[in-house]
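Enquirer: My questions concern the predicted model and sequence given below.
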Amino acid sequence: MDPLLAASPDLTDLECIVVEARRRPPGFYETRTRVFYVTQRGDVFLLRAPGAPITVQRLDDLPEGADSVARSAVDDLQRQLAAILDHHARSTSRPSS
């Protein structure tokens with residue numbers, strides 16, 4: 001066996017970043033200035049932000065302090081966007097293994 005391949009790696013050059021993304025129940029969430037939607041598949045989207053009353057931006061996770069909101073508390077356009085996002089998530093879901 002090649003001794004260079006058998007040598008221990010130099011771990012001083014190794015960098016590891018751990019991101020903890022929590023699995024959130026599907027539905028609408030809000031902070032004081034933003035509205036978010038979590039799809040049935042668990043994808044998180046920003047739907048409204050200051051200066052952008054309508055947006056669709058995928059995020060890694062909800063921000064701290066985002067509270068669950070009843071579906072009836074969000075406007076019709078946001079409910080329609082949520083339906084489109086859920087439909088897209090179902091149509092692009094990976095087959096289970």
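Expert: Everything's here; your move.

Enquirer: for the chain, longest helix please?
Expert: Longest helix of the chain, by residue count under DSSP state H: helix 76-91.

Enquirer: I would like the residues contacting that one, please.
Expert: Residues from elsewhere that reach helix 76-91, judged by CB atoms under 8 Å, 6 or more residues apart in numbering: 26, 28, 35, 37, 39-41, 43, 45, 47-48, 54, 56, 71. Just so you know, the C-beta spots here come from the backbone N, C-alpha and C atoms, and that holds for glycine as well.

Enquirer: got it, and stretch 46-64?
Expert: The contact list for stretch 46-64, computed with CB under 8 Å, 6+ apart, reads 19, 21-22, 24, 29, 31, 33-38, 43-45, 77-78, 81-82, 85.

Enquirer: Next, Tyr29: secondary structure please.
Expert: strand (DSSP: H, G, I helix; E, B strand; the rest coil).

Enquirer: nearest residue to Val69 other than its sequence neighbours?
Expert: Excluding the flanking residues, the one nearest Val69 by CB to CB, 6 or more residues apart in numbering is Phe28, at 4.4 Å.
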